[in-house]
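[1] I would like the atomic coordinates for the input below:
(chains A and B)
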Amino acid sequence: MLAPAETQLPQLPAPFARWFALRGWEPRAHQLALIEHAACGDSVLLVAPTGGGKTLAGFLPSLIELSALPSRRKASLHTLYISPLKALAVDVLRNLETPVAEMGLPIRIETRTGDTPPSRRLRQRHVPPDILLTTPEQFALLLANRDPRQLFASVRAVVLDELHAFHNTKRGDLLALGLARLAHLAPGHRRIGLSATVADPAPLQRYLVPQRSGKEDHASLVMGASGAQPEVSISTSDSYVPWAGHLAIHAMPDVMNAIRASKTALVFVNTRSQAERTFQHLWQLNEENLPIALHHGSLAPEQRRKVEAAMTRGDLRAVVCTSTLDLGIDWGAVDRVICIGAPKGAARLVQRIGRANHRLDEPSRALLVPANRFEVLECEAARDAVLAGELDGEQLRKGGLDVLAQHVMGVACAAPFDANALYNEITSAAPYRMLSRKDFDDAVDFVATGGYALKRYDRYAKLRRTPEGLWRLAHPRLAQAYRLNVGVIIEEPMLDVRMQAKGRPTGAGGRVLGRLEEYFLEQLVPGDTFVFAGQVLEFRGIRETSAFVTRSSETEAHIPSYMGGKFPLSTFLAGRVREMLADPRAWGRLPFPVGEWLRIQDGRSVIPLPGQLLVETFPRGSREFLLCYPFEGRLAHQTLGMLLTRRLERLRMRPLGFSANEYALAIWGLRDMGGLDMGKLFDEDMLGDDLDAWLAESALYKRTFRNCAIIAGLIQRRQPGTEKTGRQVTFSSDLIYDVLRAHEPDHILLRATTEDAATGLLDIARLGGMLARVKGQIVTKRLNRVSPLAVPALLEISKEMVAGEAHEDLLHEAEEELVKEAMRIA
Amino acid sequence: MRDIHIDVNGETLLLDAAGALYWPAERTLVFSDLHFEKGSAYARSGQMLPPYDTRETLARMEEQVARYAPARVIALGDSFHDRDAAHRLDGHERAILLRLGRSAEWIWIAGNHDPEPPDWLGGRVSDEVAIGGLVFRHEPSPAGTAGEVCGHLHPCKSLTRRGRNLRRRCFVSDGSRLVMPAFGAYAGGLDVRDSAVRMLFGKSFLAYLLGARRVYAVAG
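    Below you'll find the model as predicted:
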């Protein structure tokens, strides 16, 4: 009974055709297309939604090639698979082993991650598997071994999974540089990139193939069939929609009902603290004791593994999670996704919706739960975009100079290198296509001696010139330090959170619940309560690298939240929100309180057109307010707030503080700001000297510097034999920053930091785009009292204060407390 | 207003926001934990920190000397990050040090990082020195001598106000003894909540935090 299948599927070799037929499957068009491209040695990008057999498509060409080889052959690496998550590598191994076993193919597949034992790692280098599944960091490590050609020369294919998720990040930079190396070690290998649906695949197509100077080269593109249109509903109420906040507590009964009506639901939230709060609220409503679990990046790994295993077994009805479950792993049984809070981007929403139902022909079901009025607009805009098949584009970063420095060190660890050849190799990687020779030389100089104008470290040089003019590693022990510090993922300094029994002395043992940022824990005083790992905990104290807690009998925590990953509203979605806001006909489908809110705003103030920036001024209490609504995300607004308050100070407006949210910025002060020339106030030139002056003291900028310094290898988190705690690194990087900025402001690391800050924590690039966009488009409205649109921003006063002065004020305040205590009678 | 006067064991001292101590009655200026050439010590182990820490520290010292025109200067130990540090200074930095050395009577207290400060510096080297009601040494003594002024601990204090966390170097005193902040550009810090500080002062002491323009007294 094998003939019919084979005639239908001429491209598949017999064992494969038989296997598909036995399963009752037909190979999909994109799977066959990939086989054809591979046969020609083409590199190709496959863009397909989740559930389209994407992973199998990526491996079929390799499996076919390998199955044609003699079964007794010298062990050699044929296919290298790289994924951003090690869990994904493990998952893919499981999914590949089945067909390979069922077809009886003599193919060895292994993973190599941070968890792989040293003995197996060593063996893998000498007796490699046919297919190796690994991560960008492990790949970098393998390349930095002496004689990487021995392992890599035989590679015929590279498969890059979830490429959309990291091609435009520092990990993408690191991998791109590694692939440029690989192109020399294994010339002629082909690459397959696997990606979810993206607005513009061209950057990914460029990423996959070597770039030559003067033109852009692209990998071929194969599009998978799109799945069924998802069913997206929005939880709304016509009686009550909160003005501000992110918790959506009012909607928890709705969420609970959606869980009851699902087999298994994933409940996505945007921050870890929100995950904790949501989990607690759901359990308060969970009368039936449905199995609802919690999953986020701070929980102890064993706890996360437990939840994942229960999920795979189908034991859970819902998991409250953060972006940790955005990617990859296939939870077959999930039939509904619930997103609490606004999705922030259409692509992120599509990705999350794709988690529900991994079968293409059935629609995924999703429920969006806006937490406040602006989020209602955002959810509506996101749903429209998803249904129209439009996605947010992303701004392409340049390859990071800090990552480049790390790579140069790795190259030197493997063998002496020629600078000209390495420059040519590096500029063939798409993110570094435009890298100047000066930046490259500065990076080499930085690795060798720190790259300072003051040549003090020549005698400690890490790289030295050979008589032939090559750069070589000065000492083998430097390679060891490189290996310990490879990678570009820099975590905030974290402390273990340990649970103690009541009554035991603080610091005496205790089970690890997970890890939390040091800066959050440091602000707590013993007795403070906070929510973590699904329970209310009482803080006892910090000892060395652990924070000790006991279970609290309280049901509400005093300390509201700790930070977790937060994404800014995407530019694309912001544009859609502005359009919806400006179109009164669209208001009809909004819940009544939201429509009413906009109508009153229209009557009392102004609803800005999509291209305009509305600036309102009004008095309130003893303060004068200035509100603007750029819709560019919290990060860009914070930066704008810092810069505007500096300007207002110079204009003697005596600003006192500001508060930013995703949509608006509020500034308050002692003088009426209504008479100012807003065109001048919002002029782009604020990104010059004002920005520069502010950066000198910005904590966010210093944090960015710290990350660059670690990635570039200026500060080593781990040294052979010891490990510096994050605590020490944080402090000393600030000292280094101050000295470097004062003495060598154009140093390569400060340039790397500025480039990072443009797209990262400060979002300067986006702010610049906004300032250019609103030139001549500013609508000013002077009001005698607060406008409806201003209310959410005023409710979210985020405690930001005017830069520079703020620190001194805080010190002053602390001193006053002391005085008050001293002067109190009785 | 950049400084604050406090009494330690009956002597009136002035705490400067730059982290130096001035004793007007004795015209004595004190710096602690300068850690010259800490940057190059790290460079030796492969971390190429900006090589400007020594000149940065020296420039701040010169400012203080110009401000107070002291008759006597005490460096309270750990002036050099390691035994070899003085050899790594360049000509420019040596010249500043020698110039500073000629400007007043210098006393180099030996620290654990620099048990034998170099002899070309000028001034004298000592394990400790007693003047009036005060005794200057590098490490605080466990017994707790009244009038002890020392360094070694690099005290810092973190404050959290309105969701902001900031950390500053500080002087620590209970009116009987005083611990000075580190003055060196690359000197790290130890939180005053650490047991090493608690052991000296118990729970009742004040931290004098170094602000940009003045010193702020805060409960420890």
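[2] Next, the contact list for the closest residue to chain A within chain B, please.
    Per C-beta to the nearest C-beta, B:Met48 is where chain B lies closest to chain A, at 2.9 Å. (C-beta placed from N, C-alpha, C; glycine too.) Shown in contact with B:Met48 (C-beta atoms under 8 Å, 6 or more residues apart in numbering or on different chains): A:Phe446, A:Thr449, A:Gly450, A:Gly451, A:Tyr452, A:Tyr457, A:Tyr460, A:Lys462, A:Leu714, B:Tyr42.
[3] and whichever residue of chain A sits closest to chain B, how many residues sit next to it?
    Nearest to chain B, among the residues of chain A, is A:Gly450, at 2.9 Å (C-beta to the nearest C-beta). By the measure other C-beta atoms under 10 Å in any protein chain shown, the count of residues near A:Gly450 is 26.
[4] now B:Pro142
    Applying other C-beta under 10 Å, we find 8 residues neighbouring B:Pro142.
[5] residue contacts, it?
    B:Pro142 neighbours (C-beta under 8 Å, 6+ apart): B:Met199.
[6] Next up, identify which helix or strand residue 62 is on.
    Let's take chain A. Assessed by DSSP states H and E, A:Ser62 sits inside helix A:54-67.
[7] my question was about chain B
    B:Glu62 is part of helix B:53-68 when elements are defined by DSSP H and E.
[8] what's that helix packed up against?
    helix A:726-743, strand B:28-31, helix B:38-44, helix B:91-103 (3 or more C-beta pairs under 8 Å, 6 or more residues apart in numbering or on different chains; DSSP states H and E).
[9] who's in contact with that helix?
    A:739, A:742-743, B:16, B:18, B:20, B:22, B:27, B:29, B:31, B:34-39, B:73, B:89, B:92-93, B:96-97, B:100, B:103-104, B:183-186.
[10] same question, stretch A:378-395
    Contacts for stretch A:378-395 (C-beta under 8 Å, 6+ apart): A:168, A:197-200, A:226, A:229-230, A:232, A:234, A:342-347, A:349-350, A:353, A:368, A:370, A:569-573, A:576-577, A:579-580, A:586, A:589-590, A:662, A:759, A:765-766.
[11] Pull the distance from that stretch to the chain's centre.
    19 Å (C-alpha atoms, centre = their mean, to the nearest Å).
[12] how about it: buried residues?
    Residues A:Glu378, A:Cys379, A:Glu380, A:Ala381, A:Ala382, A:Arg383, A:Asp384, A:Ala385, A:Val386, A:Leu391, A:Asp392, A:Glu394 are the ones in stretch A:378-395 that count as buried (16 or more other C-beta atoms under 10 Å in any protein chain shown).
[13] Let me know the helix or strand that the fifth one is in.
    The one in question is A:Ala382. Going by DSSP H and E, A:Ala382 is part of helix A:373-387.
[14] Which SSE is immediately downstream of that helix?
    helix A:401-414.
[15] Next, the contact list for the most centrally placed residue in chain B, please.
    Taking C-alpha atoms, centre = their mean, the centroid of chain B lies closest to B:Ser32, which sits 1.9 Å from it. By C-beta under 8 Å, 6+ apart, the residues touching B:Ser32 are B:Leu21, B:Ala75, B:Leu76, B:Gly77, B:Asp78, B:Cys150, B:Gly151, B:His152, B:Met180, B:Pro181, B:Ala182, B:Phe183.
[16] nearest spatial neighbour of the fifth one, skipping sequence neighbours?
    Nearest-residue entry for B:Asp78: B:Gly111, 3.6 Å, with adjacent residues in sequence omitted and distances by C-beta to C-beta, 6 or more residues apart in numbering or on different chains.
[17] what's the distance between the one you found and B:Gly151?
    Per C-beta to C-beta, to the nearest Å, B:Gly111 is found 7 Å from B:Gly151.
[18] ok, the two, which is more surrounded?
    Ranked by neighbour count (other C-beta under 10 Å), B:Gly111 and B:Gly151 place B:Gly151 first, with 30 against 26.
[19] how about the residues of chain B that lie near chain A?
    B:40, B:43-53, B:55-56, B:90, B:156, B:158-168, B:185-189, B:209, B:211-213, B:216-219 (C-beta under 8 Å from any C-beta of the partner chain).
[20] Just the buried ones among those residues, please.
    B:40, B:43, B:46-53, B:55-56, B:156, B:158-161, B:164, B:166-168, B:185-189, B:209, B:211, B:216-218.
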